[in-house]
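Enquirer: What follows is a predicted structure for the sequence shown.
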Amino acid sequence: MSLFRTDLLQAGPPADISVPRKKNMMCLNESVLDPYQAIDEAFHQNMQEITLNRYFSQVTPELKRLLIEYVGHGIEGDNLLWGNGADDMLFACFLAVREDNDAFALSLAPSYFDYSTYSRAAGLGIKFMDFQPDFNFDENAYLKILNSDNCRLGILCNPNNPTGHLLSDDKILYILQNTKKPVLLDETYFEFSGKTFADRIKDFSHLLIVRSFSKSFSAAGLRFGYIISQAQNIEELRKVQTIFNTSIMVQTFVMTMLMNKELFLKHTKEAVALKQELYEEMCQIKALKVYPSHTNFVTFCANELSAALFEHLQHQDIAIRDVGAHPLLARCLRVSVGSREQNRYFVNTVKSFFNEQ
Ligand SMILES: Cc1ncc(COP(=O)(O)O)c(C=O)c1O
């Protein structure tokens, strides 16, 4: 008998998350704003109230109050569960719906790479249904798989990473209306698009919304994400979490960010404007096919020159992401919005690569 689960032994190694350290990190959809620099005094002030030698409960109610206020749409404290990033919340959902060896989740493709990493870690299979070439999808075909016996969860990423597009509200609604299976709506990038289904939590008892503090709130290294759902679902999901899952320092930091949320929302607005500028400038480059984006990144294709461009950018100290693994995005690359200077440097470097000054 082996020491570990047979499905783990059969699975390949986890995804390699090592990324090249370049001066211009435009590869992981991070923010250029360091939240610690932005709110360090207020954070230290709030930490005066905290003792790290004790198990905690004191910050939690205040953080909950601030998060309720931030999410809005009439949600209450028992509609929320938080953990170490959206990834941790995805993992909790996968663990909580897994039933037996034939159970699987369903995602559209291409979408967030790590849905498969975490579903497999949770012992839940995963199936993918491809988007159409225009990134539309057949909602009835999706429902057919979702409503099949062993499917335990539907995943919809909105806006979608790595395509950057928004799913149609009508399709999401139609899916919610025509299934009783849990539907996980990944709203990690929702602040950049302004579109959310948080107002529909009260209407759909099988809707689970996952969100992150890594993107709009600029805190990818901090690790904080949350789920919004009806209270009875939160109760079940809590059962797969460790009790003191999220460190009191992280909770205090998030609380401080929410006390200063205007700063982060202003930064998000600026990132959206910079992304639009970047998109428009990239559209001027004839050698590129550029996809519209409702996020903080732009996906594009340089056909047979994509690999050489990727290499060239690395040599010019710019790290971007190769997202070409799925045939629909064959030879596509993804650039995260940087500072105005970084975006200009990126565009100029791409232009000079193609001799399009
Ligand atoms: C669609 C999507 N969901 C979830 C995550 C994970 O976010 P977090 O950093 O909060 O774990 C990411 C990260 O890039 C993402 O793109």
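Expert: Perfect, thanks for sending it.
Enquirer: Now do the longest helix belonging to the chain, average pLDDT.
Expert: In the chain, taking DSSP state H as the definition, the longest helix is helix 261-283. Per-residue pLDDT over helix 261-283 has a mean of 98.
Enquirer: Show me which positions of it end up buried.
Expert: The neighbour-count check on helix 261-283 (16 or more other CB atoms under 10 Å) flags 263-264, 267-268, 271-272, 274-275, 278-279, 281-282 as buried. C-beta: built from backbone N, CA, C; applies to glycine.
Enquirer: Residue 88: which of those is nearest?
Expert: residue 264 (20.6 Å; CB to CB).
Enquirer: what sits against that closest one?
Expert: Contact analysis of residue 264 by CB atoms under 8 Å, 6 or more residues apart in numbering lists 33, 35, 216-218, 257.
Enquirer: From those residues, pick the one nearest residue 73.
Expert: Once CB to CB is applied, the member of the contacts of residue 264 that ends up nearest residue 73 is residue 216, at 16.9 Å.
Enquirer: Nearest spatial neighbour of that closest one, chain-adjacent residues omitted?
Expert: residue 191 (3.4 Å; CB to CB, 6 or more residues apart in numbering).
Enquirer: And the helices in the stretch 201-350 of the chain?
Expert: All helices of the stretch 201-350 of the chain, identified by DSSP state H, counting those that start in this stretch, fall at 231-238, 248-259, 261-283, 306-315, 340-353.
Enquirer: repeat for the stretch 1-150 of the chain
Expert: For the stretch 1-150 of the chain, the helices defined by DSSP H, counting those that start in this stretch cover 6-10, 35-47, 59-71, 85-97, 114-121, 139-146.
Enquirer: any chance of those in CSV, with mean neighbour count, distance to the ligand and mean pLDDT too?
Expert: Below are these laid out as CSV (neighbours: other CB atoms under 10 Å; distance: least, CB to the nearest ligand atom, whole Å; pLDDT from 0 to 100):
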stretch, mean neighbour count, distance to the ligand, mean pLDDT
helix 6-10, 10, 21, 87
helix 35-47, 15, 13, 96
helix 59-71, 17, 15, 96
helix 85-97, 24, 3, 98
helix 114-121, 20, 7, 94
helix 139-146, 16, 18, 98
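Enquirer: who wins for proximity to residue 42 among the helices of the stretch 201-350 of the chain?
Expert: helix 248-259 (5.0 Å).
Enquirer: Show me what from the stretch 201-350 of the chain comes close to the ligand.
Expert: 212, 214, 220, 225 (CB under 6 Å from any ligand atom).
Enquirer: Now intersect these with the strands, please.
Expert: Judged by DSSP state E, the subset of these located in strands is 212, 225.
Enquirer: Let me have the helices of the stretch 1-150 of the chain in CSV, extended by distance to residue 310.
Expert: Output for the helices of the stretch 1-150 of the chain, formatted as CSV (distance: least, CB to CB, whole Å):
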stretch, distance to residue 310
helix 6-10, 32
helix 35-47, 30
helix 59-71, 37
helix 85-97, 25
helix 114-121, 21
helix 139-146, 32
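Enquirer: Just the closest of the buried residues of helix 261-283 to residue 163, please.
Expert: Distance ranking of these against residue 163, using CB to CB, places residue 279 first at 13.5 Å.
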